[in-house]
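Novice: Predicted structure and sequence below. I'll ask about it afterward.
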Amino acid sequence: MTLQSPEPVQKTRALYRVVKYTFYKLDPVWRRLPDKDRQSTKNDFLETLRRHDALIPRTYSLIGTRGDADFMIWIITDSMEDLQSFNSEILKTGLGKYLTTPYSYLAMIRPSEYFGKTTDPEPVGSNYLFVYPFTKKREWYSIPFEERRRIMKEHIQIGHKYSSVTIHTSYCFGLDDYEFILSFETDHPEDFLNLVMDLRSSEASRYTAIETPIFTCVSVTPEKMLGLLGP
């Protein structure tokens with residue numbers, strides 16, 4: 001008996017990367033601290049981000065766009081352990097003592113089931129990021145594969161009409177409560193609004209079970225992200 005080479009499996013595994021969207025909410029008590037204490041907690045937080053710059057944490061503010069989350073950190077990595085270490089250190093900072101995580105989504109990037117391609121995981125650096133979890137109805141998976149592929153092709157063609165919007169698809173079957181975590185980058189929020197409206201009429205949308213909550217995130221530097229929390 002000839003043993004199969006492990007190389008194909010290793011190459012397939014290399015296509016998978018861990019994606020984490022962590023949303024934080026600040027305790028209002030922090031805003032009543034003395035100025036020097038607030039600044040100290042900000043400095044501590046920023047230093048922790050710098051120590052983990054190899055993970056390239058991307059920072060976003062939700063001040064003014066959501067009432068239940070104040071900022072979000074997006075990380076793409078090859079190591080679940082590095083991700084865990086990063087989040088642990090964030091919560092141990094002076095600011096971390098005043099933070100809760102009302103939403104936290106874990107997923108992985110993998111090749112498309114229908115088209116064999118992996119969506120580019122790397123952010124393009126747009127001003128806005130729209131994030132939402134997504135789950136399909138169970139009957140979707142009982143449709144023959146080729147029919148599902150036809151439906152998804154139409155769905156994707158609608159998306160191609162909006163070239164200013166970049167989609168990032170990640171999968172969380174068995175990793176989190178949802179099936180997918182989708183995020184969309186753009187400099188033009190109105191294009192994303194119109195894209196979502198157009199997708200409502202697609203055949204694929206009939207098989208949507210859950211696609212909330214939806215987060216409108218504004219890309220900011222870490223310093224500005226903390227500055228928006230308060231002086």
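Specialist: It's in. Residues are numbered from 1 along each chain as shown.
Novice: Quick check: nearest residue in space to Lys42, chain neighbours excluded?
Specialist: Among residues not flanking Lys42 along the chain, Leu226 sits closest, at 4.8 Å (Cβ to Cβ, 6 or more residues apart in numbering). Yep, even glycine has a C-beta here, placed from its N, CA and C like the rest.
Novice: Contacts for the helix or strand containing the one you found next, please.
Specialist: Taking DSSP states H and E as the criterion, Leu226 maps to helix 222-227. Counting by Cβ atoms under 8 Å, 6 or more residues apart in numbering, helix 222-227 makes contact with Lys42, Phe45, Leu46, Leu49, Pro57, Thr59, Tyr60, Ser61, Phe71, Leu95, all of which sit outside it.
Novice: Report how many residues lie close to Gly227.
Specialist: Applying other Cβ atoms under 10 Å, we find 14 other residues in the vicinity of Gly227.
Novice: Distance of it relative to His188?
Specialist: As for Gly227, its distance to His188 is 25 Å (criterion: Cβ to Cβ, to the nearest Å).
Novice: sorry, back to before: so what's the residue nearest to Lys42 scoring on pLDDT?
Specialist: In this model, Leu226 is scored at 97, pLDDT.
Novice: Let me know how buried it is, in neighbour terms.
Specialist: Considering only other Cβ under 10 Å, Leu226 is surrounded by 24 other residues.
Novice: what's the distance between it and Ser85?
Specialist: In this structure, Leu226 and Ser85 are separated by 21 Å, where distance is defined by Cβ to Cβ.
Novice: now do Glu146
Specialist: From Glu146 across to Ser85, the span is 44 Å (Cβ to Cβ).
Novice: Neighbour count: those two, which is higher?
Specialist: Ser85 (13 against 9).
Novice: List phi and psi for that one.
Specialist: Phi and psi for Ser85, reported as degrees, to the nearest 10, are phi -60, psi -40.
Novice: Leu129 now?
Specialist: In this entry, Leu129 is assigned phi and psi values of phi -130, psi 130 (degrees, to the nearest 10).
Novice: what about it, how many residues close to it?
Specialist: Using other Cβ under 10 Å, Leu129 has 23 neighbouring residues.
Novice: and the closest residue to it other than its chain neighbours, what is it in contact with?
Specialist: In space, Leu129 comes closest to Cys217 once its chain neighbours are excluded; the distance is 4.4 Å by Cβ to Cβ, 6+ apart. By Cβ under 8 Å, 6+ apart, the residues touching Cys217 are Tyr60, Ser61, Leu62, Thr65, Met72, Tyr128, Leu129, Phe130, Val131.
Novice: Please tell me I have it right and Thr59 contacts Thr221.
Specialist: Yes - counting by Cβ atoms under 8 Å, Thr221 is a contact partner of Thr59 at 6.8 Å.
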